[in-house]
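Enquirer: Dropping a prediction and its sequence here:
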Amino acid sequence: MTYRTVHFVVLLIIVTLTSLTSSFITNGKTVSEYRYGAHYRSAVALSATGGFGSSSSSTTRKGGKKSKKNKNDPSGGSLPLSNEAKKLLKKYNSDVDLASAAYFRSQMEKIMLSPTDADSASTDIEGMDSTSSDSTSLSNSDLHRARVATTWDTIALFLPNDYARTKGRVEPEVDRRLKCIAKATMQCSSIPSKLCADSVLLDVGCGDGALVPYLYDDMTKDESNAQTKRLKIYYGLDVSQKMIDLAKQRWTGIVSPDQFLLGSFPDDACNKLKQLDTASCDAIIFNGSLQFFQDTIETLKDAENILRPGGRIIISHVNGAYFVKDECQKNPGVAVRTMPNKISLEMMADVMGMKVIRKDKMGLTDLDPNFDGDDEKFYLVVLEKPTVG
């Protein structure tokens, strides 16, 4: 089957990619760090959070398919632009790409200042080592974390424009894929029972919480009083303060604001588990986020360490492995790892003592009878931890 949405997004990238370079000083040298344009504002946003930055609209596309409105979004797909965003758009004549580039550059310049001066910066990078008085002493991991957080803060700043344009609608292919991810998370075929009310589900790199309504729908689809329930088992974690703020505004009818956490994985996730008087999760999701971690195997090991027996790690990307590879080439300072291929994933799972469950074994044919297992177009894999005994 062909994925028109993915093809359209790739075409959009080719046509509208803007070569806007942000440069800043480190160790006395000018380093060209970034090209920022429609590639990140539009395509990356689509890949990780379900269509909010895509070409989604309410109009009928080829094949007669219409984008779908999310009935669980209390905002109706409409949130106001911040004054900060309005000022930038006014300054740059409503050119979102120019405004985005300017915001990203200014935030990174603040981060590269001394920690004392950087305290006034609007972007707060959780977990960054600020013990030194010299910004040039930032470790590579701290600087990378800053780039990732600032990138997603930049995207989030202008997302209300996309919300207004799409009216909360999601492209059919993206909608179907998010349903598949939710089902793989909540109802993996090799686990005898569904996640229950006392389960803990962690969404790493949750963005604006696009998976929340799909997880909610899957959990409550057999409940007659579904509309009165809340998704209490869910916790979303993200390094972007602005994304977390959007998530809190969008999904107030399903989750509580304190279920969205600003921070890094695994440290801040472990701290939250301690607050919940537990040391483990039932499921950990990396939806469109694994490519931002510098060490894939160590990240997955960290996830496995806080999984309960029978728990699972869900690795997904709605635009597939090919998109991530392209993303790494165009934005190597942010996207630093491609999606694991079949061989490397089996090797990682073997090291961790986990089982690989691929899409064709997840019972997803009810969502798409002609389900395509091509990871290049839609990446979805489950790693399952053995049960005790």
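Expert: Right, received. Where do you want to start? Numbers count the residues shown, from 1 in each chain.
Enquirer: The longest helix belonging to the chain: which residues count as buried?
Expert: Counting by DSSP state H, the longest helix found in the chain is helix 140-166. Residues 142-163, 166 are the ones in helix 140-166 that count as buried (16 or more other C-beta atoms under 10 Å). The way it works is simple: take the backbone N, C-alpha and C, and place the C-beta from them, glycine included.
Enquirer: C-terminal to it, what's the next element?
Expert: Downstream of helix 140-166, the first helix or strand assigned by DSSP states H and E is strand 169-170.
Enquirer: And that next one, what does it pack against?
Expert: strand 68-69 (3 or more C-beta pairs under 8 Å, 6 or more residues apart in numbering; DSSP states H and E).
Enquirer: Provide the angle between the direction of the helix or strand that the strand it packs on is followed by and the direction of helix 140-166.
Expert: Later in the chain than strand 68-69, the nearest helix or strand by DSSP H and E is helix 83-91. Per axes from the mean of the first three to the mean of the last three C-alpha atoms, to 10 degrees, the angle that helix 83-91 makes with helix 140-166 is 80 degrees.
Enquirer: May I have the residues that are in contact with the residue lying closest to residue 356 once chain neighbours are set aside?
Expert: Excluding its sequence neighbours, the residue lying closest to residue 356 (C-beta to C-beta, 6 or more residues apart in numbering) is residue 349, at 4.8 Å. For residue 349, the contacting residues are 355-356, 383, by C-beta atoms under 8 Å, 6 or more residues apart in numbering.
Enquirer: what about the strands in the stretch 251-389 of the chain?
Expert: Using DSSP state E, counting those that start in this stretch, the strands of the stretch 251-389 of the chain run over 260-262, 281-287, 307-317, 355-358, 379-384.
Enquirer: With respect to burial, which of the ones you listed scores highest?
Expert: Compared across those, strand 281-287 shows the largest average neighbour count, a mean of 26 (mean count of other C-beta atoms under 10 Å).
Enquirer: Against which helices or strands is that strand packed?
Expert: Helices and strands touching strand 281-287, by 3+ C-beta pairs under 8 Å, 6+ apart, are helix 172-186, strand 201-204, helix 296-305, strand 307-317.
Enquirer: do that again at 6 Å, thanks
Expert: When contacts are defined as 3 or more C-beta pairs under 6 Å, 6 or more residues apart in numbering; DSSP states H and E, strand 281-287 packs onto helix 172-186, strand 201-204, strand 307-317.
Enquirer: so which of those comes closest to residue 217?
Expert: Nearest of the helices and strands packed on strand 281-287 to residue 217, taken as C-beta to C-beta: helix 172-186 at 7.1 Å.
Enquirer: got the angle for that closest one vs strand 379-384?
Expert: Relative orientation of helix 172-186 versus strand 379-384 (the same axes, to 10 degrees): 0 degrees.
Enquirer: Packing partners of helix 172-186?
Expert: By 3+ C-beta pairs under 6 Å, 6+ apart, helix 172-186 packs against helix 212-220, strand 281-287, strand 307-317.
Enquirer: Dump those to CSV, plus distance to residue 261 and mean pLDDT.
Expert: Conversion of the helices and strands packed on helix 172-186 to CSV gives the following (distance: least, C-beta to C-beta, whole Å; pLDDT from 0 to 100):
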stretch, distance to residue 261, mean pLDDT
helix 212-220, 14, 86
strand 281-287, 13, 94
strand 307-317, 18, 93
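Enquirer: and of these, who's closest to residue 239?
Expert: Nearest to residue 239, of all these, is strand 281-287, at 13.5 Å by C-beta to C-beta.
Enquirer: Okay, the residue nearest to residue 356 and residue 282: tell me how far apart.
Expert: 18 Å (C-beta to C-beta, to the nearest Å).
Enquirer: Same question for residue 252.
Expert: The gap separating residue 252 from residue 282 is 24 Å, by C-beta to C-beta.
Enquirer: Is it correct that residue 313 is in contact with residue 383?
Expert: Yes. Contact criterion C-beta atoms under 6 Å: residue 313 and residue 383 qualify, at 4.3 Å.
Enquirer: So, low pLDDT: which residues of the stretch 201-350 of the chain?
Expert: 222-230 (pLDDT under 70).
Enquirer: Closest one of the contacts of residue 349 to residue 317?
Expert: Among these, and counting by C-beta to C-beta, the member closest to residue 317 is residue 383, at 15.1 Å.
Enquirer: what pLDDT does the closest one get?
Expert: The score at residue 383 is 96. That number is its pLDDT.
Enquirer: what sits opposite it in the beta ladder?
Expert: For residue 383, the beta-bridge partners are residue 313, residue 356 (DSSP bridges).
Enquirer: which residues touch residue 283?
Expert: Taking C-beta atoms under 6 Å, 6 or more residues apart in numbering, we find residue 283 in contact with 185, 201, 312.
Enquirer: Can you name the residues bridging to it?
Expert: Beta-bridge partners, per DSSP bridges, of residue 283: residue 201, residue 312.
Enquirer: Against residue 274, how distant is it?
Expert: Distance, residue 283 to residue 274, by C-beta to C-beta: 19 Å.
Enquirer: cool, residue 359 as well?
Expert: With distances taken as C-beta to C-beta, residue 359 is found 34 Å from residue 274.
Enquirer: hmm, back to that, redo the contacts of residue 349 as JSON lines? Include distance to residue 175.
Expert: What follows is the contacts of residue 349, written out as JSON lines (distance: C-beta to C-beta, whole Å):
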{"residue": "355", "distance to residue 175": "29"}
{"residue": "356", "distance to residue 175": "26"}
{"residue": "383", "distance to residue 175": "25"}
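Enquirer: Tell me the one among the residues you listed nearest to residue 96.
Expert: residue 383 (37.5 Å).
Enquirer: can you tell me which residues contact residue 290?
Expert: Counted by C-beta under 6 Å, 6+ apart, residue 290 has contacts residue 315.
Enquirer: one more time with 8 Å
Expert: By C-beta under 8 Å, 6+ apart, the residues touching residue 290 are 296, 299, 315, 317, 337, 339.
Enquirer: Show the contacting residues for residue 315.
Expert: If you count contacts by C-beta under 8 Å, 6+ apart, then residue 315 has 286, 290, 339-340, 379-383 around it.
Enquirer: Correct me if wrong: residue 239 contacts residue 145.
Expert: Yes. Using C-beta atoms under 8 Å, residue 239 is in contact with residue 145, at 6.3 Å.
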